[in-house]
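J.: Below is the sequence, then the predicted model.
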Amino acid sequence: MILYDSARAPNPRRVRWVMAEKNITDVEIVETDIFKGEHRTPDYVRRAGVPNVPALTIDDDTTITESLAICHYLESVYPEPNVFGRDAREVAVIEMWTRRAEMMVATPLMLTVRHSHPALAAIETKSAEFAAVQRQGAERALSFFNQRLADSEFIAGHRVTMADIVAFCSLDFARMIKFRPDEAHTDLARWADMMRARPAAQAGVG
Ligand SMILES: N[C@@H](CCC(=O)N[C@@H](CS)C(=O)NCC(=O)O)C(=O)O
């Protein structure tokens, strides 16, 4: 298998994180520098179908994009440790929280960074007004997640799941613009410290 990765980007990091949690080592990593437009070359777009990373080419030469689809594929091949759920209830609860993490936290935070950080001018036509609206949405969502984490060790329950990985990778990415969650969100901070301390947090970083 080949993973088309990009070291500083948050969506490929989800895949590297899942690979690390599962101790998957048989994937060749091809660094694809999105700041140099390497994801827009005709060869890359022909292979991936879209000018995005991550992309995973598997042994029959199928290429999968969408970080969650890639992680799901990896879970099917390497079921443990499980991050998508083991029974009907878990699968549904984890999917619910993963979708909330994606739509309420990851998307607005990624858009805030894209529309704020000077380096992202290479891939985004920036709007400060749009960034401000996205940032407000992310802050509201983080308050909601802080409440959730007051009652739950991890976002979807008692162990790390895809929901935590999606939320944390975007929160950590937003450090690029010095975004810090509200200091009053102590349960969110406890959870973020726990995520940062996991060995998988280091996968392909630095
Ligand atoms: N929904 C996709 C999003 C992929 C995506 O937007 N990747 C970013 C990097 S995090 C990218 O390739 N950006 C390049 C660009 O916007 O030109 C996923 O989850 O994989």
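T.: Alright, I've got the coordinates. Just so it is clear, the structure is predicted and the values come from calculations on it, not from any experiment. Numbers count the residues shown, from 1 in each chain.
J.: and the protein, which residues reach the ligand?
T.: Proximity of the chain to the ligand (C-beta under 6 Å from any ligand atom) is limited to residues 9-11, 34, 39, 51-54, 66-68, 123. C-beta coordinates here come from the backbone N, C-alpha and C atoms, glycine included.
J.: Now the helix or strand encompassing Asp193: buried residues?
T.: Assignment of secondary structure by DSSP states H and E places Asp193 within helix 186-196. Of all the residues in helix 186-196, those buried under the rule 16 or more other C-beta atoms under 10 Å are Asp187, Leu188, Ala189, Trp191, Ala192, Met194, Met195.
J.: now swap in stretch 21-39 and tell me
T.: So for stretch 21-39, counting by 16+ other C-beta under 10 Å, buried means Glu21, Lys22, Ile24, Val27, Ile29, Thr32, Ile34, Glu38, His39.
J.: Which elements pack onto whichever helix or strand Asp164 is part of?
T.: Per DSSP H and E: Asp164 is located in helix 162-173. Contacting helix 162-173 under the criterion 3 or more C-beta pairs under 8 Å, 6 or more residues apart in numbering; DSSP states H and E are the following elements: helix 10-21, helix 67-77, helix 88-100, helix 107-114, helix 186-196.
J.: now the second one, how far from the centre of its chain.
T.: Taking the mean C-alpha point of helix 67-77 and that of its whole chain, the gap between them comes to 13 Å (C-alpha atoms, centre = their mean, to the nearest Å).
J.: contact partners of that helix?
T.: With C-beta atoms under 8 Å, 6 or more residues apart in numbering as the test, helix 67-77 has contacts from 3, 11-12, 14-15, 18-19, 22, 24, 54-56, 58, 64, 82-84, 98, 102, 162, 165-166.
J.: Just the buried ones from those?
T.: Neighbour-count burial within the contacts of helix 67-77 applies to 3, 11-12, 14-15, 18-19, 22, 24, 54-56, 64, 82-84, 98, 102, 162, 165-166; the criterion is 16+ other C-beta under 10 Å.
J.: Quick one: neighbours of Ile155, just the number.
T.: Per other C-beta atoms under 10 Å, the neighbour tally for Ile155 reads 26.
J.: Surely it touches Ala101?
T.: Yes: the pair Ile155 / Ala101 is scored as a contact, 6.5 Å apart, by C-beta atoms under 8 Å.
J.: between the helix holding Asp193 and helix 162-173, how many degrees?
T.: Interaxial angle, helix 186-196 versus helix 162-173 (axes from the mean of the first three to the mean of the last three C-alpha atoms, to 10 degrees): 90 degrees.
J.: Grab the CA positions of helix 186-196 and hand them over as PDB.
T.: C-alpha atoms of helix 186-196 as PDB (Å, rounded to 0.1, in the frame of the first residue of the first chain):
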ATOM      1  CA  THR A 186     -10.900  22.500  31.400                       C
ATOM      2  CA  ASP A 187     -12.400  19.200  30.300                       C
ATOM      3  CA  LEU A 188     -11.400  19.900  26.700                       C
ATOM      4  CA  ALA A 189      -7.900  20.700  27.900                       C
ATOM      5  CA  ARG A 190      -7.700  17.500  29.900                       C
ATOM      6  CA  TRP A 191      -8.700  15.500  26.800                       C
ATOM      7  CA  ALA A 192      -6.300  17.400  24.500                       C
ATOM      8  CA  ASP A 193      -3.400  16.700  26.900                       C
ATOM      9  CA  MET A 194      -4.300  13.000  26.900                       C
ATOM     10  CA  MET A 195      -4.400  12.900  23.100                       C
ATOM     11  CA  ARG A 196      -1.100  14.800  22.800                       C
END
